[in-house]
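Asker: sequence unknown, structure follows:
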């Protein structure tokens, strides 16, 4: 009996959390988050289908399709991790979701890391590809032969490297049990393994290596490439007062990627600051009054980042808007009318 109780946590995590924190979780991640997730999934699906219609298929379109898949995976994981959990904890509905929550987290959290990192490096990949086409066209020209094949290879390399890098995430947690005062029985609990809580692992892998791979290296590349693209657009606009359709299309594609990167930088930076504060001085951060607010808002920003690319495509890319229009009922009606005139 004593041996059993020593291995059981008295209350499940969050049982001692104040009502205002559950309210914050519910209103930010459920009330605001679920509509964003829904719209994001729809937007990513439409983006994927529209980009499939791009002919001839470009390296940019193919990489953006992979980005839509990665963002959608992140949104789905976020829904099960925070949005649905917020409804359960605040409204008390689906109480037995707590029974399977720990089991889900063993897979959901690693998949969140994988999808987030994949999105980061796919954005780096597509922006670097655009940089070569706009700022180094003489070098990009020599790569256009089998360019789509190389794009597929690069995307595959990013995905494989991302999965391999995050393999330890699948083994960081193990199942324990805790007592849920609302269900009045023991429920599974996902808790960190001893080696995953060690200072060596936390500082080397979670903080230092993660900071380099998830923030400093991609941000340095994106800052340089984005600045070069903005300068290139301005110079091109000065040289061509009356822009041709082709130049306008290229500028629109470049502006679209610049917009994607700017939203990405703003949303990801908040999450990175949170991670640094958390690992540098964990006890004081976790107990501070502002931590729950900043945590929920930074998590919501990641949802916004994964949900808004479709809007950016529509606002900045004439080619995307044209493809979207051509593949809707309006485009079908227009094509039908033109065929009747031809006959």
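Answerer: Thanks, I have it. All figures in this text were calculated on a predicted structure; none of them were measured in a lab.
Asker: what's the average pLDDT for the helix ranked longest in the chain?
Answerer: The residue-count maximum for a helix in the chain (DSSP state H) belongs to helix 97-135. In this model, helix 97-135 has a mean pLDDT of 92.
Asker: do the same with stretch 162-172
Answerer: 97.
Asker: Straight-line length of it, end to end?
Answerer: Across stretch 162-172, the terminal residues are separated by 17 Å (CA to CA, to the nearest Å).
Asker: Please spell out which residues along that stretch are buried.
Answerer: Neighbour counts over stretch 162-172 (16 or more other CB atoms under 10 Å) mark 162, 165-166, 169, 172 as buried. Heads up, the C-betas are built off the backbone N, CA and C, glycines and all.
Asker: contacts for it?
Answerer: Identification of contacts with stretch 162-172 by CB atoms under 8 Å, 6 or more residues apart in numbering yields 106-107, 109-110, 113-114, 117-118, 121, 192-193, 196, 205, 213.
Asker: farthest-separated two in these?
Answerer: For the contacts of stretch 162-172, the maximum inter-member distance is 27.2 Å, found between 121 and 193 (CB to CB).
Asker: Which one of the two is surrounded by more residues?
Answerer: residue 121 (24 against 12; other CB atoms under 10 Å).
Asker: where does the stretch 201-343 of the chain have low pLDDT?
Answerer: Along the stretch 201-343 of the chain, segments meeting pLDDT under 70 span 237-252, 281-282, 329-343.
Asker: same thing but 90
Answerer: Scanning the stretch 201-343 of the chain for pLDDT under 90 picks out 202-203, 206-207, 226-259, 262, 265, 271-292, 316-319, 322, 326-343.
Asker: ok, the residue nearest to residue 49 when sequence neighbours are not counted - how many residues close by?
Answerer: Nearest residue to residue 49 in three dimensions, chain neighbours excluded: residue 327, at 7.3 Å (CB to CB, 6 or more residues apart in numbering). Neighbours of residue 327 under the rule other CB under 10 Å: 15.
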